Structure formats: structure tokens, C-alpha cells
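> Here's my sequence, what's the structure:
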Amino acid sequence: MQLSDLAETSDAVAANPSRLEKIGRLAELLRRLPPDEIEIAIAFLSGSLRQGRVGVGFSAISGLRSVEPSPSPTLELRDVDAAFSRVAAAAGSGSAAVKASTLGALFSKATAREQHFLVRLLFGELRQGALEGVLTEAVARASGVSADRIRRAAMMAGSLEPVARTILADGADALSAYMLRPFHPVQPMLADSAEDVAGALDALGEASLEYKLDGARIQVHKAGDDVRVYSRSLKDVTVAVPEVVTIVRALPARALVLDGEAIALRDDGTPHPFQLTMRRFGRRLDVDRFRNELAVTPFFFDVLLLDDDPFVDATHRLRMQALDAVVASANRVPRIVTADREEAARFVETAIAGGHEGVMAKAVEGMYAAGRRGAAWLKVKRARTLDLVVLAVEWGHGRRQGTLSNLHLGARDDEQGGFVMLGKTFKGMTDEMLTWQTRTLLDLEISRDAHTVYVRPELVVEVAFNEIQESPQYPGGLALRFARVKRYRTDKRADEADTLATLRALYQQTTGLPPPVR
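Numbering: from 1, shown residues only. Okay, here's the model as predicted:
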């Protein structure tokens, strides 16, 4: 398929507010794709590259805008994908020239519409509303298979792309290949927020309450003596945490898939700050030295596979029974099961007194919704916080002169696609944080004016705030009051940030008023 067909569909989907019509237009395109281009198209339509970041900065991409466009379309999707692979692979001395030459050649073969599409794709600025949920529905319509089956297979595969290729090329029976098995990590289940533990119990009834640890999410797989550890983003980080491998290898099970947190603890058992724990990840050198200086301890809160038994479709109660049978209490997240508000409140206070963030409340009959933010899991924190995406940042003044200071904060918009700005903040930042965010955000730059640097929406920041208030200034109709930065969530992707729907629900809970009409 030619890139022009994809770009035309992308523009049409972006211009159409109807979800059903978006799905129909995408399904029609998917039916026409050859098998070897399905994964490429799914990635492009969701606004991403299969290669991830390709190491091309703002100035290089901006320079491509001046390339003379081709008068007629000639580019095939597979040719574009191959060019991005060459760009991503270029490294070392002279790599910048190779990347520039490769992209220049690609853009010279692209029409004006195709160039516009490619620039937005490289900047992470495709906002046509073809989110994974819409694409899942489109794959379902194109294949005649239910969206639930496709969604379940995508959970097991870790992404929609290979599942779309399998079902569209090989048929529904081929989906049986996507089942839970060791060393094929699945997307972790995510949680909604509750105002307090009483509200969580109102929503869930009797609930399993667990300490909410401020560590690094891990998924650990075991088959025999082979153990591998995966990060929240499903990256293999086994080499960084050998102590986790040692503990899991000794567990009495032939095969395991465990969900949990790795956290660095002080001598008194209280947690080190999150940023300190994260130093253990991504380091390939001196692992033994860092292990001695900053040991991490795994705490598990879920089991998805135990020997020959998958537990993905089991209730939380049954999963906890299986977890208790195989993992010692020293490596399990502390928990109780209760419907009593006073007992629950005491448990929250104990968790916070121990240095933890709060608690997770989980429905005892709830299922594990891999890759989804399910209402069966609710996080309860003492301070209200949201994980938001940095959309832009303003240059600082006074003692912050020369640094990027005032963040523009956005929530995911599940209905329209993209992100909705909720306000700005320059509060809560240390000098070290200012230095780090200046360097990091300049690497994500897509454009600027005299005061503001606009960035690819990739960096997630945890923001504390006092309340949500109505605001005609912002397109979502809501803004955060007294927002301040708590920390950067480098372990989270932008598509895991909190949504505008979450903010609207919190606004209604805290004010008793319906959220403003958009």
C-alpha cells in the first residue's frame, strides 16, 4: 500500500468527530493491506514508529520541511518503515549525516500530504483520534472477530500490531497463539483513583487493601531455573536486578508469572525515594557494586501463571490464594481483606507511617485486566496526585534564567485523541530537577517561540494539587489549583498518563457538581 492512502485516511479520521465513522474508515483501509504491511500501518495510525525513538532531533526534522515534495505518490509503507529502520540503526561517528541523508531521500519521494504526515509522525503529533481503542474496534470490524477477543490477544501479545497481522492474515483460529506463557510479558493492569479509602470501599464493597509501594513495577517470569525480569514498559531488565532473580529462582514452582514492585529499602525497612530505586534500572555496568550499595527487594502482589495453571481469568481472591502458596510473606505486599471503614483507615495510616504512598483497593472478585485501567483496582493516596504529560515548557526568569521552568500539563483525551491542557506549574522543582528537565525537554523539542518550547508529548510527570476547578481558559473546561511537581515518572509512557475522564470524575466527586460541558 502506498503511504498516500494511509495519510489520506489519517486526515479523514482526524476530521471526523464520529467514532463509528472513524472505525469504518480505518476498517476499510485495514482490509486492503497486504500482510507484511499491517503492523506498519497499525503503528503509524496510532502515531508511533515500530523502531521507537530513532534519534532525530527538532532541528533535523524541521529542516525536512524545506525538501521539495514529489508531484505524485510513489512511496510504499514497507519502504518508509525500512528507511526508519536505517535511521534507527545509524550510530557512532557520522551517524547524524546518515540519518539526515536517509530522511532527506525519503522526504524527496513524498508528496506534500505525505511529508506533512511524516513530520507529525516523527514529532509524535499525529492527533487523528486513531487511539488503540478505536484501532482495536477497526480490526474487529475488518476481521469479523469480536473486539473483546482481539483486546485479550493484544494483552497477551503486549501490543495490537502483531495481533492485527495474525487475525487479518491468518484468521480467527490463529489467535490461539496468544496465550499466557513464560517470557512473553503482558501489559500490566492499571488502577483508577479513589478520593479516600471510604470511597473505595463504597465502590468495591469488601476489598483487598494493599500497601501502595513507591517502587518500580516489575513482571517476573520463571521456567525451570531460567528467570527474567521485565519493566513496566516490558523491557527486559534482568541484568540490573540479580537479587530478584535469586529470590524467584528459589520459589517452589516450575513456571511463574508474577506482578509486583522492586523497591530499595533503608536499614529500618522504610523505602528510599523512588528516584533512588530507579538508579538500579538501566545500568549495565557495576551491577554488583550498585547491588551492594543499593539493594532492591521484590514485593509481589499478583500471580498470572503458576505451573500449568493460568490465573489471568481467575478472581483476585483466587490469585491471592495462589500467590500466598508460592511466595513467602517477606516478598509479598502487605494486605488485608475488609469491608470495615475503621479497619481500612487504620491500615492506610500504618502504610503511610511506614513511608509508603497509601494503599491499593482491589475488588476481591475482580479479574486481571492486562493493559487496562480497571475500576476493580483503585489507588488511594493521602495527597491528590495525577500523572500528566508535559506538552510545552516556558523559559525561566530570575534565578531560573536559562532553564526550562514552567510546565504546560496535559491529560490524555480518550474521546478525541491527543492531550488536553489543564494548566501550568513551576512549583516543587529542585535545582537538580530543573537541570534535568531542561536537558530532557530540549531533546523532545518540536518547535518554539520567544518564550515557550513545545515538545513531543512523551514525558510523564506526577503532579500534586489541592483541587480541580472549572476554568474557561482551557479546552477541557477544568484546571488544577496549586499544582506542583512531585516527581518525573520516567517508568511510564504517555499513553499510561491519567485521562480527562478521570479528572472530570474527580471534579464531580469533590464538588458535587457535574463537570463543565466541553
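> partners of residue 360 in the sheet?
In this entry, residue 360 is beta-bridged to residue 210, residue 379, by DSSP bridges.
> surely it meets residue 209?
Yes. Using Cβ atoms under 8 Å, residue 360 is in contact with residue 209, at 7.2 Å. Bear in mind the C-beta positions are built from the backbone N, C-alpha and C, glycine included.
> how about the residue nearest to residue 100 when sequence neighbours are not counted, what does it touch?
Distances taken as Cβ to Cβ, 6 or more residues apart in numbering place residue 60 nearest to residue 100, at 5.9 Å, with adjacent residues excluded. Under the criterion of Cβ atoms under 8 Å, 6 or more residues apart in numbering, the neighbours of residue 60 are 96, 99, 100, 103.
> buried stuff in stretch 508-518?
Using 16 or more other Cβ atoms under 10 Å as the test for burial, stretch 508-518 gives residue 515.
> Output it as CSV, nothing but the C-alphas.
The C-alpha trace of stretch 508-518 is given here as CSV (Å, rounded to 0.1, in the frame of the first residue of the first chain):
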residue,chain,number,x,y,z
GLN,A,508,-17.8,15.7,40.3
GLN,A,509,-16.8,13.7,43.4
THR,A,510,-15.2,16.6,45.2
THR,A,511,-17.6,19.4,44.2
GLY,A,512,-20.9,17.5,43.8
LEU,A,513,-21.3,19.4,40.5
PRO,A,514,-21.5,17.9,37.0
PRO,A,515,-18.3,18.7,35.1
PRO,A,516,-18.5,21.6,32.6
VAL,A,517,-19.7,20.8,29.1
ARG,A,518,-16.8,20.8,26.6
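> On the three-state scheme, the closest residue to residue 259 other than its chain neighbours is what?
Once flanking residues are discounted, residue 259 sits nearest to residue 302: 3.9 Å by Cβ to Cβ, 6+ apart. Recorded secondary structure, residue 302: strand (DSSP: H, G, I helix; E, B strand; the rest coil).
> so who does residue 302 touch?
Residue 302 neighbours (Cβ under 8 Å, 6+ apart): 189, 258, 259, 260, 319, 323, 368.
> Residue 411 against residue 476, yeah?
Yes. With contact defined as Cβ under 8 Å, residue 411 counts as touching residue 476 (7.1 Å).
> And these two? Which one has more around it.
A count of neighbours by other Cβ atoms under 10 Å puts residue 411 above the other of residue 411 and residue 476, at 24 against 19.
> shouldn't residue 133 be in contact with residue 415?
No. Contact criterion Cβ under 8 Å: residue 133 and residue 415 do not qualify, at 10.0 Å.
> Can you find the helix or strand of this protein with the lowest average pLDDT?
When the helices and strands of the chain are scored by mean pLDDT, DSSP states H and E, helix 58-63 comes last with a mean of 72.
> related to what we said a few turns ago, residues that sit against both of residue 411 and residue 476, list them.
Joint contacts of residue 411 and residue 476 (Cβ under 8 Å, 6+ apart) are 420, 422, 500, 503.
> Now do whichever helix or strand the last one is part of: distance to the chain's middle.
Per DSSP states H and E: residue 503 is located in helix 500-511. What separates the centre of helix 500-511 from the centre of its chain is 21 Å, taken as Cα atoms, centre = their mean, to the nearest Å.
> One more: stretch 476-491?
16 Å.
> Kindly report the same for stretch 395-403.
Stretch 395-403 sits 31 Å away from the centroid of its parent chain (Cα atoms, centre = their mean).
> next one: stretch 453-472
Distance of stretch 453-472 from the chain centroid (Cα atoms, centre = their mean) equals 16 Å.
> one step back: and the next helix or strand past the least confident helix or strand of the chain?
For helix 58-63, the following helix or strand on the C-terminal side (DSSP H and E) is helix 77-89.
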